[in-house]
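Q: after the sequence you'll find the predicted model.
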Amino acid sequence: MQGDGSEDITDQSSESSIVDSILDGKRKTVFENKQLVDSNTIVDHNRIYGRDKQLAAEARAFRDTLDGERPPDLLLYGPSGTGKTLTVKAVAEKVKERATQNKIDFDFIAVNFKTMESHSLDRAVWKLGNQTAKKAGVSWDIPRKGVSTDAKYVRLYEIVDRHFDALVFILDEIDTLTGRASDDEPAYSRLLYSLSRVMAEQHVDTLVSTVVITNHPKFRENLDSHTDSSYNPTGIHFSDYDANELIEILNRRRDAFKDGALDDGVIELVAAYGAKNEGDARRAIDLLRDAGELANRNGETVVTERHVHAANDSVVKNRVLEIVGGMSLQKKLSLYAAAVVADVNNGAAPSPAIYTLYQEICQRTDRDVYTQETVNSHINKAGTYGVLESERTSGGFKSGVHLMFTFTEPVDAVIETLEEDDTFDEIELSTARSIARQSIRST
Ligand SMILES: Nc1ncnc2c1ncn2[C@@H]1O[C@H](COP(=O)(O)OP(=O)(O)OP(=O)(O)O)[C@@H](O)[C@H]1O
């Protein structure tokens with residue numbers, strides 16, 4: 001806008017020519033098939049590495065369907081990003097192909113319960129109904145509210161019975177289905193009970209079975225005794241990947257990139273970061289894609305180790321920001337003290353030294369000082385989101401038994417992220433560091 005309120009024509013035309021040149025020009029990209037580095041893509045069997053035992057166990061179970069028998073329920077457990085969802089969906093797709101050849105109506109319904117806004121049984125049944133109706137190609141005429149859970153079950157099972165010979169429900173993160181706090185039995189227990197008894201109790205002819213995917217197999221301890229006796233899944237374990245396995249996985253997706261667009265060492269570096277990140281293949285694939293996107297943004301045609309390092313820094317920062325961004329002031333102060341102590345003490349932060357630094361910071365910036373117990377519990381909260389781990393120990397400090405915190409995220413990223421908050425304007429990092437060193441020596 002100019003002073004008289006009219007548009008600046010020169011600026012507008014240069015803007016539109018920039019936009020035109022971007023839209024009209026041929027896009028430079030390092031990617032040949034970007035889908036391969038989208039972690040939601042279900043890749044073909046020839047790109048799945050090192051899961052033969054698990055694939056075989058899943059195929060053996062699903063095979064029953066082709067023989068007209070109900071497959072056993074499966075429980076796939078292990079850390080995040082270890083191929084639980086990928087393998088079971090890949091096998092289910094294959095079984096579906098065979099079933100179609102044999103004129104069997106087989107299908108699978110995959111639902112992730114974590115992403116639901118409410119974790120009640122009612123919402124879970126509604127969601128299963130909605131997905132099942134979609135697969136069956138019929139409309140799901142049940143409103144979310146105003147209809148009882150029983151009525152939702154009835155309609156769901158009617159669709160199942162009418163449209164499928166065999167159906168597998170793939171239930172991801174089922175342990176998040178806790179239901180209301182007042183419920184005496186968790187919602188997932190009631191859902192598993194119903195699904196495992198549907199053929200007997202609802203007179204459904206369809207061969208119905210379940211595949212539960214979880215990082216927390218201990219959820220079974222909270223099953224109601226009735227569910228526990230009717231639900232006996234076959235367990236299949238998935239362990240995390242080491243760097244060499246991640247290299248194999250990533251190498252099978254090289255063709256996501258154009259010929260020559262991946263510099264030597266890029267895959268190995270991404271795998272090394274991935275191995276540090278709990279051997280999670282999802283994070284490794286995402287990092288490889290992010291590095292490629294960064295090269296694209298910079299207008300470069302080859303992805304190098306530099307892009308990987310930079311992409312990793314920004315992933316870590318975003319993750320830490322997501323966790324610490326919403327913390328209260330006192331939690332931030334406690335975590336900051338822990339991070340500074342860890343920073344000067346080779347990554348380990350003993351609680352007495354943290355508390356000394358925390359007190360100093362609060363006194364110097366005129367803030368309330370909470371008890372050591374509260375500070376420890378504030379820091380432990382950060383642990384539940386995966387920033388650090390704690391262990392009870394008794395060695396080396398006058399104060400007897402204490403907690404030792406070790407960070408699972410890079411300490412410098414935690415300090416840098418916390419320092420973005422105005423609260424820390426009054427605190428000099430160098431001063432905090434020297435107090436931390438002193439308190440390590442004197443506690
Ligand atoms: N063995 C493997 N070979 C090829 N790709 C893999 C392998 N394991 C995992 N992946 C890829 O890593 C990503 C995460 O895998 P998947 O979704 O199966 O993990 P998950 O174990 O189900 O994790 P979560 O517990 O978080 O749901 C996916 O993109 C998947 O394609």
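A: Nice, thanks for sending it over.

Q: please make it C-alpha for all contacts and neighbour counts, starting now.
A: OK.

Q: what's the following helix or strand after the biggest helix by length in the chain?
A: Identified as the longest helix of the chain according to DSSP state H is helix 305-325. Counting by DSSP states H and E, the element after helix 305-325 in chain order, helix or strand, is helix 329-344.

Q: what is that next one packed up against?
A: strand 348-350, helix 351-364, helix 372-384, strand 402-407, helix 411-419, helix 429-442 (3 or more Cα pairs under 8 Å, 6 or more residues apart in numbering; DSSP states H and E).

Q: mean neighbour count, mean pLDDT and distance to the ligand for those - can I get that in TSV?
A: Listed next are those as TSV, based on neighbours: other Cα atoms under 10 Å; pLDDT from 0 to 100; distance: least, Cα to the nearest ligand atom, whole Å:
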stretch	mean neighbour count	mean pLDDT	distance to the ligand
strand 348-350	22	93	28
helix 351-364	21	95	32
helix 372-384	18	88	16
strand 402-407	20	90	21
helix 411-419	19	89	24
helix 429-442	16	92	36
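
Q: output these as JSON lines; include the columns distance to G325.
A: Below are the helices and strands packed on helix 329-344 laid out as JSON lines (distance: least, Cα to Cα, whole Å):
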{"stretch": "strand 348-350", "distance to G325": "22"}
{"stretch": "helix 351-364", "distance to G325": "19"}
{"stretch": "helix 372-384", "distance to G325": "11"}
{"stretch": "strand 402-407", "distance to G325": "17"}
{"stretch": "helix 411-419", "distance to G325": "8"}
{"stretch": "helix 429-442", "distance to G325": "19"}
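
Q: out of the ones you listed, flag the one nearest E300.
A: Nearest to E300, of all the helices and strands packed on helix 329-344, is helix 411-419, at 26.9 Å by Cα to Cα.

Q: up against the ligand, what does the stretch 201-350 of the chain have?
A: Contact residues, the stretch 201-350 of the chain versus the ligand (Cα under 6 Å from any ligand atom): 214-215, 249, 281-282.

Q: and those, which two are furthest apart?
A: Maximum pairwise distance in those, criterion Cα to Cα, is 21.7 Å, between T214 and I249.

Q: ends of stretch 356-371, what's the gap?
A: This stretch, stretch 356-371, spans 11 Å end to end (Cα to Cα, to the nearest Å).

Q: who's in contact with Y153?
A: 125, 129 (Cα atoms under 8 Å, 6 or more residues apart in numbering).

Q: could you do D242 as well?
A: Counting by Cα under 8 Å, 6+ apart, D242 touches 275, 279.

Q: okay, the residue nearest to V375 when sequence neighbours are not counted: pLDDT?
A: In this structure, V375 finds its nearest non-sequential neighbour in S334, 5.7 Å apart by Cα to Cα, 6 or more residues apart in numbering. Looking at S334, its pLDDT stands at 95.

Q: how about the residue positioned nearest the centre of the chain, phi and psi?
A: Central residue of the chain (Cα atoms, centre = their mean): S80, 6.4 Å from the mean position. Dihedral pair for S80: phi -60, psi 150, per degrees, to the nearest 10.

Q: how much space is there between it and T65?
A: In terms of Cα to Cα, S80 sits 28 Å off from T65.

Q: rewinding a little: ok, the residue nearest to V375 - contacts?
A: 354, 358, 375-376, 378-379.

Q: A311 too?
A: For A311, the contact set (Cα under 8 Å, 6+ apart) comprises 287, 290-291, 294.

Q: reformat these as TSV; add neighbour count, pLDDT and secondary structure.
A: Listed next are these as TSV, based on neighbours: other Cα atoms under 10 Å; pLDDT from 0 to 100; DSSP: H, G, I helix; E, B strand; the rest coil:
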residue	neighbour count	pLDDT	secondary structure
L287	23	96	helix
D290	20	96	helix
A291	23	97	helix
L294	19	95	helix
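
Q: may I see the buried residues of stretch 126-135?
A: Under the neighbour-count criterion of 16 or more other Cα atoms under 10 Å, stretch 126-135 has 126-133 buried.

Q: picking that back up, look up how far the ligand lies from the residue nearest to the centre of the chain.
A: Counting by Cα to the nearest ligand atom, to the nearest Å, the gap from S80 to the ligand is 4 Å.

Q: so what's that residue closest to, chain neighbours aside?
A: Using Cα to Cα, 6+ apart, the closest residue to S80 is D280 (6.0 Å).

Q: what about that neighbour, how many neighbours?
A: 23 (other Cα atoms under 10 Å).

Q: what segments of the stretch 51-200 of the chain are strands?
A: Along the stretch 51-200 of the chain, the stretches classed as strands by DSSP state E, counting those that start in this stretch are 74-77, 106-112, 166-172.

Q: no further questions, thank you.
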